[in-house]
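Trainee: coords please:
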Amino acid sequence: MLDTRAVYRFERICESAFPKALTRDAPMAELQALAARIWAERKMEGELYVRANTGTSHDGKKISYCETGRVKEGYAYADIVLARHERSPYVLLHEMAHALGHHQHGPSFVHCYIELLVEYGGMDRATLVDMMLAGGVRL
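Mentor: This next block holds a predicted model:
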């Protein structure tokens, strides 16, 4: 079951509870380095691109997104586009969960996103689970 609205609602509601280091605007070079570190530590195949652009339209505003695919056998890629107003570590971690193979906002995405927020964002797992459940996200 997809929880796209619940995940986005969780992020909007809980953004103020995230550490400032996760929600601040960050330089693209810093976000690219974090993404490369995660990609390498997770031993992912293929190319990872993290770039600044306008994003894609969703409900009348521009949002970040991740596109993944295989160009040919043995060559995979993930292309993360960070919209101007969404260049923060927590948005990157959200998009990295997609890049790591969790394309829909279902339970596997949520578990990966929690892992990334704990490992790279310094968040407490129990607190995140509580906030997600309170926000209607299915685990």
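
Trainee: number of nearby residues for the closest residue in space to residue 25 that isn't next to it in sequence?
Mentor: Spatial nearest neighbour of residue 25, chain neighbours left out: residue 87 (5.6 Å); criterion: Cβ to Cβ, 6 or more residues apart in numbering. C-betas here are computed from N, CA, C, even on glycine. Using other Cβ atoms under 10 Å, the number of residues around residue 87 comes to 19.

Trainee: my read: residue 87 touches residue 23, true?
Mentor: No. Contact between residue 87 and residue 23 fails when scored by Cβ atoms under 8 Å: they sit 11.0 Å apart.

Trainee: list the contacts of the residue positioned nearest the centre of the chain.
Mentor: Nearest to the mean C-alpha position of the chain, by Cα atoms, centre = their mean, lies residue 94 at 1.2 Å. Contact analysis of residue 94 by Cβ atoms under 8 Å, 6 or more residues apart in numbering lists 7, 11, 64, 113.

Trainee: distance of it relative to residue 121?
Mentor: 11 Å (Cβ to Cβ, to the nearest Å).
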